Structure formats: C-alpha cells, structure tokens
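Asker: mind looking at a prediction? Sequence and model below.
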Amino acid sequence: MKIYLKLFFLLTPFILSCKAKKVIPRRSSTRCHLDYKSSRTLTSLLKSNQAEFSTFSGKLNVKAVVDDKQTDFTVALRMKKDSIIWASISSFGIEGIRFIATKDTMKFINRVSNQFFVGDYDTLSKMINTEVDLEVLQALLIGNSVEFYEEDEKLRPGIDSCKYILGTIRKRKLRRMIRKGKELKEPAQNIWLRDSTFKISRILFREFESNREFDARFDNFKFAELPEGQTKKVYMPFELTYFIKSDKNFTINLEYTKASANKPQAFPFTIPEGYERIGKK
C-alpha cells in the first residue's frame with residue numbers, strides 16, 4: 001500500500017522540475033503537409049481547444065512501473081476547477097488511501113497504517129524534492145497545459161513528427177529562476193499539438209540543474225459525459241502515460257473507464273480519531 005501512495009503523488013509533481021529540448025525543429029524528417037503557424041496562432045488554438053469544466057469525476061485503472069516492478073490500483077477521482085482535487089485509491093476493491101488537495105493544503109489518510117498527513121505544497125515539495133501545485137495536478141489529469149508566458153520572445157513555434165510544437169516558459173518557473181539570479185536559456189515546457197483538433201498529445205519537461213525529466217503522453221480522445229441538456233462538450237484523453245526519470249525510472253499508465261464533467265460533486269474527507277500524523281506539523 002505504501003508504494004502506490006508514493007506513486008500517486010508522483011503522477012504529476014515532477015512537472016515543475018523540468019525543461020524542454022534545446023532545439024525545436026521547424027521541420028521533421030517525416031514527410032508531412034502542415035503549414036507553419038506562428039507562436040500566437042498556436043497559443044490561441046491551444047487555449048481554444050482546452051478541456052473546460054467546472055467539476056469533473058472519473059474512474060481510472062492505474063499501472064505504475066518503478067524500475068521494472070509493477071503495481072496496479074484503481075482511482076476514483078473528483079475535481080472542482082481551480083479549487084479541489086479529491087481521490088480514493090483502492091487495491092482489490094478496498095480503499096487504502098483518501099486524498100484531497102486545495103490551493104493551499106494537501107491531506108491524505110492511509111487506512112492501512114492508520115496515519116494521516118496535512119501540509120502545504122511546500123511541505124510536500126520538500127518531501128519529494130520538487131514543486132507541486134493544484135494547477136499542474138489538474139492540468140495533467142485532464143490533458144491541459146499549465147499557465148505560461150505568452151510574449152513572443154518566450155515562445156518557440158515549430159513542427160516535429162508531423163505535429164505542431166510550442167516551446168513555452170511556465171510563469172512559476174521563470175519567477176523562480178529570476179529569484180535565483182539565473183538566466184533561463186531554454187523553454188520550460190514543450191507542447192505537441194495534434195494537427196486536426198489542436199489537442200495536446202505530449203508535454204515534455206526536463207530539469208534545469210539535474211538529469212530529471214517528465215514526459216506526458218495523451219491518447220484515445222473521447223467526450224466526457226455531461227448533464228442532460230448541456231451542449232458544450234468536454235473532449236479529453238482517456239489514456240495517459242507519464243514517463244518520469246529521477247533517482248528511479250517510473251512509467252505510469254492511466255486509463256479512464258468513466259469520465260463526466262459539470263455534474264454536482266461531493267468531496268468527503270474526515271480524519272478518523274486515533275490516526276497518527278506523519279510529516280512536518
């Protein structure tokens with residue numbers, strides 16, 4: 001049970017410890033017929049095709065491989081846009097972990113060890129040696145990008161493998177590098193866009209000062225279920241794969257078996273009496 005708790009936290013947090021490739025190719029060696037588009041055009045198309053939701057719920061099957069050792073579990077996921085992530089993590093139909101995150105706080109309870117954690121994102125970031133925030137977690141679970149600067153000098157458009165590619169600098173990453181007095185020479189994230197729908201098919205990050213990297217792939221796009229009468233569709237990936245390279249190598253496959261958007265959601269979370277608190281108080 002302890003291993004898939006750690007893996008759940010590693011689904012997305014490495015996103016801010018990364019940087020993109022030094023060179024974004026204008027043309028791939030593969031023959032394709034895409035017209036070159038400017039950074040402003042790609043940014044506009046990316047934004048207009050993001051998955052927009054007020055609330056979201058989903059059921060996922062997860063397979064996590066850590067240095068050739070595989071762990072399988074299921075996740076019941078609920079989210080409120082820019083506000084809450086709630087998850088129940090189970091193995092063999094038995095809930096082992098319940099997790100909730102808001103903008104400032106993260107909590108989980110481990111029903112197997114009778115322990116709980118309450119802390120801010122800085123606390124968890126120090127525990128796993130990388131930055132975490134709600135925006136990144138929600139974006140990666142729905143196939144969206146994170147916030148980035150849109151000035152022309154901070155964007156690099158191109159074409160790679162018959163997909164559009166946009167090199168960007170995430171706002172938090174740039175602010176952090178400025179505080180440290182370091183020059184940012186490369187984009188903080190590369191985003192590959194499908195040529196027809198302009199949905200994100202891949203996001204690549206690589207850490208500035210070490211050999212860590214995070215590579216997210218999105219596939220099998222479908223429409224999430226909506227409340228009766230709602231017409232604005234939510235088009236999202238039902239298969240997500242994260243490749244994480246750090247002290248160990250992780251491959252995490254997520255498959256949505258069910259997804260719905262904009263329906264009322266509850267986020268029950270209670271710390272049972274007698275549980276031991278772990279982490280920094």
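Answerer: Thanks, I have the structure now. Numbering: from 1, shown residues only.

Asker: so Asp122 sits in a strand?
Answerer: No - under DSSP: H, G, I helix; E, B strand; the rest coil, Asp122 sits outside any strand and is assigned helix.

Asker: helices along the protein, start to end?
Answerer: Along the chain, counting by DSSP state H, helices occupy 2-9, 39-48, 121-128, 134-142, 171-179.

Asker: touching the longest one from outside, list them.
Answerer: It refers to helix 39-48. Applying CB atoms under 8 Å, 6 or more residues apart in numbering, the contact partners of helix 39-48 are 37, 145, 150, 152, 155-157, 164, 166, 191, 193, 198, 200. Where you see a C-beta, it was placed from the backbone N, CA and C, and this is true even at glycine.

Asker: of all pairs in these, which one spans the longest distance?
Answerer: Greatest spacing in the contacts of helix 39-48, by CB to CB: Asp152 and Ile200 (20.9 Å).

Asker: neighbour count: these two, which is higher?
Answerer: A count of neighbours by other CB atoms under 10 Å puts Ile200 above the other of Asp152 and Ile200, at 24 against 12.

Asker: OK, contacts around the more buried one?
Answerer: Ile200 sits next to Leu46, Gly143, Asn144, Ser145, Ile191, Trp192, Leu193, Arg194, Phe218 when contact means CB under 8 Å, 6+ apart.

Asker: mind running it again at 6 Å?
Answerer: Gly143, Ile191, Phe218 (CB atoms under 6 Å, 6 or more residues apart in numbering).

Asker: could you check how many residues crowd around the second one?
Answerer: Burial measure for Ile191: 24 neighbouring residues, criterion other CB under 10 Å.

Asker: low-confidence ranges in the stretch 51-200 of the chain?
Answerer: 123-132, 149, 170-187 (pLDDT under 70).

Asker: all strands for it, in order.
Answerer: Remark: strands assigned in the stretch 51-200 of the chain by DSSP state E, counting those that start in this stretch are 55-66, 69-80, 84-91, 94-101, 106-110, 115-119, 156-160, 163-168, 189-193, 200-206.

Asker: among the contacts of helix 39-48, name the buried ones.
Answerer: The neighbour-count test (16 or more other CB atoms under 10 Å) marks Lys37, Ser145, Leu155, Arg156, Pro157, Tyr164, Leu166, Ile191, Leu193, Phe198, Ile200 as buried among the contacts of helix 39-48.

Asker: can you lay out these as JSON lines showing distance to Phe223?
Answerer: Listed next are the buried ones among the contacts of helix 39-48 as JSON lines, based on distance: CB to CB, whole Å:
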{"residue": "Lys37", "distance to Phe223": "26"}
{"residue": "Ser145", "distance to Phe223": "20"}
{"residue": "Leu155", "distance to Phe223": "30"}
{"residue": "Arg156", "distance to Phe223": "32"}
{"residue": "Pro157", "distance to Phe223": "29"}
{"residue": "Tyr164", "distance to Phe223": "23"}
{"residue": "Leu166", "distance to Phe223": "25"}
{"residue": "Ile191", "distance to Phe223": "22"}
{"residue": "Leu193", "distance to Phe223": "19"}
{"residue": "Phe198", "distance to Phe223": "16"}
{"residue": "Ile200", "distance to Phe223": "16"}
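
Asker: show me which of the residues you listed is closest to Lys59.
Answerer: Lys59 lies nearest to Ile200 out of those, by CB to CB, at 22.1 Å.

Asker: who does that closest one bridge with?
Answerer: With DSSP bridges as the criterion, Ile200 is bridged to Leu193.

Asker: ramachandran coordinates for Ala266?
Answerer: In terms of degrees, to the nearest 10, the main-chain angles of Ala266 are phi -110, psi 150.

Asker: apart from its chain neighbours, what residue comes closest to it?
Answerer: Excluding the flanking residues, the one nearest Ala266 by CB to CB, 6 or more residues apart in numbering is Arg78, at 7.8 Å.

Asker: ok, Val146 next?
Answerer: Residue nearest to Val146 in three dimensions, not counting chain neighbours: Ala139, with 5.0 Å by CB to CB, 6+ apart.
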